[in-house]
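Chemist: Quick one: sequence and predicted model below, then my questions.
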Amino acid sequence: MNRLDIDQLSVTYQNGVKALQHISLDISNGMFGLLGPNGAGKSTLMKTIMGLQRPRQGTITFNGEDAVENPAFLRRQTGFLPQDFGVYPKVSAYDLLQHLAILKGVNNARQRKTQILDLLAKVNLYDVRHKAVHTFSGGMKQRFGVAQTLLGHPQMIIVDEPTAGLDPEERNRFNILLNDISEEMIVILSTHLVEDVRNLCSRMAIIRQGTLLATGAPEDMITGLQGKVWTKVIPAAMLSAYREHYPIIGQQLISREMHISVYADHQPADFSAAVPTLEHVYFHTLCLSA
Ligand SMILES: Nc1ncnc2c1ncn2[C@@H]1O[C@H](COP(=O)(O)OP(=O)(O)OP(=O)(O)O)[C@@H](O)[C@H]1O
């Protein structure tokens, strides 16, 4: 079992932006979801774990080793799929993995070949291994990205909004792949998609403006809202009027009707009980901190 301990981590950029403030998290094998609005600090947290950004304060320990003082130790055991992988050179999937494997220190040629072919099969790109990566679809590129994170048998992989821009079928295929991988290692998934966290993650954190607002198991967090979420269909034009009177934690147009969900200890008049969802948890948590 792998363990990542983040304790009181703070990061301030040179321009004075406090991107992370006193973040503490304990993460072990399985998929861990990082949820937060734009600018929350998710990418900063991932870059800091990878040693690409030095914290102003706090510690990161990976399997007992200080990862701030010894970033090479963690990097050797971690794969990173950034939001933007950059431009792919005009070489085949096999050749590019070969190049990246050498950079990662997989020096034995026979082991390298076996590992690359296994990984290409795992991410379902074996049949197109001789095709140039720049000709791949978005989903294939992301699966290639996962293959490169897995070179060198890492103990943890970190993926930053990996399904952005993928069609539903590719997103599903990608999520199944991540789920499969997370049985043996830590997978940190940063995303805006609450649904992906609900479907995939055994634990999660919600951050905003560099601050940790909540952390726990999605299931437990949803149970915490049991009997406190109420719903009603309203004319769409009344939304702002309702917003003034109720803490709205969900709004959705279904067949052109506006369904709102509100948080309240007791049932408000004309509202009916709703089954809480992780989206309610997310917006309720953001509401509380606003
Ligand atoms: N290199 C930088 N220099 C200065 N400020 C930065 C830098 N990178 C990020 N920031 C700021 O730090 C804060 C956190 O940004 P970060 O990119 O970590 O958020 P995020 O949660 O990943 O956002 P998104 O979901 O939009 O990718 C933001 O206010 C951002 O403007």
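Modeler: Right, received. Where do you want to start?
Chemist: In the stretch 1-150 of the chain, where is pLDDT below threshold?
Modeler: For the stretch 1-150 of the chain, applying pLDDT under 70 flags the ranges 85-87.
Chemist: Near the ligand, which residues of it are found?
Modeler: Applying CB under 6 Å from any ligand atom, one finds that the stretch 1-150 of the chain approaches the ligand through 13, 15, 17, 19, 36, 38-44. Heads up, the C-betas are built off the backbone N, CA and C, glycines and all.
Chemist: Kindly reformat the residues you listed as TSV and extend each row with neighbour count.
Modeler: TSV is the format used below for these (neighbours: other CB atoms under 10 Å):
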residue	neighbour count
Tyr13	11
Asn15	5
Val17	12
Ala19	21
Gly36	24
Asn38	6
Gly39	13
Ala40	23
Gly41	24
Lys42	24
Ser43	18
Thr44	22
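Chemist: Among these, which pair sits farthest apart?
Modeler: Greatest spatial distance in these: Asn15 and Gly36, 20.3 Å, computed using CB to CB.
Chemist: still on that earlier bit, JSON lines for the residues of the stretch 1-150 of the chain next to the ligand, including secondary structure?
Modeler: JSON lines is the format used below for those (DSSP: H, G, I helix; E, B strand; the rest coil):
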{"residue": "Tyr13", "secondary structure": "coil"}
{"residue": "Asn15", "secondary structure": "coil"}
{"residue": "Val17", "secondary structure": "coil"}
{"residue": "Ala19", "secondary structure": "strand"}
{"residue": "Gly36", "secondary structure": "coil"}
{"residue": "Asn38", "secondary structure": "coil"}
{"residue": "Gly39", "secondary structure": "coil"}
{"residue": "Ala40", "secondary structure": "coil"}
{"residue": "Gly41", "secondary structure": "coil"}
{"residue": "Lys42", "secondary structure": "helix"}
{"residue": "Ser43", "secondary structure": "helix"}
{"residue": "Thr44", "secondary structure": "helix"}
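Chemist: what's near enough to touch the closest residue to Asp66 other than its chain neighbours?
Modeler: Among residues not flanking Asp66 along the chain, Thr59 sits closest, at 6.7 Å (CB to CB, 6 or more residues apart in numbering). Counting by CB atoms under 8 Å, 6 or more residues apart in numbering, Thr59 touches 5-9, 66, 68.
Chemist: The same query, at a cut-off of 7 Å, please.
Modeler: With contact set as CB atoms under 7 Å, 6 or more residues apart in numbering, Thr59 has these partners: 7, 66, 68.
Chemist: From these, list the buried ones, please.
Modeler: Among the contacts of Thr59, those classed as buried by 16 or more other CB atoms under 10 Å are Val68.
Chemist: Between the contacts of Thr59, which sits nearest the ligand?
Modeler: When these are ranked by distance to the ligand (CB to the nearest ligand atom), Val68 comes first, at 17.5 Å.
Chemist: residue contacts, the closest residue to that closest one other than its chain neighbours?
Modeler: Spatial nearest neighbour of Val68, excluding adjacent residues (CB to CB, 6+ apart): Ile60 at 5.4 Å. The contact partners of Ile60, by CB under 7 Å, 6+ apart, come to 6, 9, 49, 67-68.
Chemist: which SS class is the residue nearest to Asp66?
Modeler: The three-state assignment at Thr59 reads strand, by three-state DSSP.
Chemist: roughly how far apart are it and the ligand?
Modeler: Here Thr59 is placed at a distance of 19 Å from the ligand (CB to the nearest ligand atom, to the nearest Å).
Chemist: Equivalent analysis for Gln57, please.
Modeler: For Gln57 relative to the ligand (CB to the nearest ligand atom), the value is 16 Å.
Chemist: contacting residues for the closest residue to that residue other than its chain neighbours?
Modeler: Nearest non-adjacent residue to Gln57, counting by CB to CB, 6+ apart: Ser10, 4.2 Å away. Each residue near Ser10 by CB under 7 Å, 6+ apart is listed here: 20-22, 55-58.
Chemist: please redo it, this time with the cut-off set to 10 Å
Modeler: 18-23, 48, 55-58, 210 (CB atoms under 10 Å, 6 or more residues apart in numbering).
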